[in-house]
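Colleague: Give me a 3D structure for the following:
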Amino acid sequence: MTDETAADRHRRIAAAFTERVRGTADWDAPAPVAGWTARDVVGHLTTWFPGFLAGAGVTLPAGPGAADDPVGAWRRQRDAVQALLDDPAEADRTIENPHLGAMTLAGATNMIYTTDVFMHTWDLARATGQDDRLDPGECAVLVDGMEPMEELIRSSGQYGPRVPVPDDADAQTRLLGFIGRDPAWKP
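Modeller: Numbers count the residues shown, from 1 in each chain. I've put the predicted structure just below:
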């Protein structure tokens, strides 16, 4: 994972999410995020990040919305983000964000968006009865990196209250509990 580029990591994580998108039969199935459905998981990913990029002067191509076509909305965004990351001029572009400061587009995408796709893969899989196992190494890196910043992360409002998990829980269970998901949640 350490030698993986932002483009490669996005390609790998987006492929796993794409499998769950393709395997979804009921887009109205409840999701682990309170008040969300499977469609809302895709809607979240395909709305917040284009807005983030637009604030940095980057516009993704328009396409269908998740409300009407969650598969098409995801496919369009996956391909557009991958094209940005695969283009060195775009990937290395410095963007400014009031919360993150100055970063490359690839760095910001990798840190916040690709990680969000990774975590929401569990939400979509669990909502739709698919394989919800996440890469254990990725889970460990994320939870170990996030735990020291818990106060800052919680104050962002992006994560729910921590869900207690056993002290000897595996990395995926620890990550899910940390981000406010009940690892035992079922629809």
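
Colleague: Where does pLDDT dip in the chain?
Modeller: Flagging of the chain using pLDDT under 70 yields the residue ranges 1-2.

Colleague: So what are the structural domains in it, by residue number?
Modeller: The record's domain split for the chain, according to automatic domain parsing, is 6-114, 133-187.

Colleague: between those, which gets nearest to residue 125?
Modeller: domain 6-114 (5.0 Å; Cβ to Cβ). Backbone N, C-alpha and C define where each C-beta goes, glycine included.

Colleague: How far off centre is that closest one?
Modeller: Its chain's average C-alpha position is 7 Å from that of domain 6-114, according to Cα atoms, centre = their mean, to the nearest Å.

Colleague: circling back: ranking the domains of the chain by burial, who's on top?
Modeller: Most buried of those by mean neighbour count (mean count of other Cβ atoms under 10 Å) is domain 6-114; its value is a mean of 17.

Colleague: Let's have the domains of the chain in TSV, adding distance to residue 122.
Modeller: Output for the domains of the chain, formatted as TSV (distance: least, Cβ to Cβ, whole Å):
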stretch	distance to residue 122
domain 6-114	8
domain 133-187	6
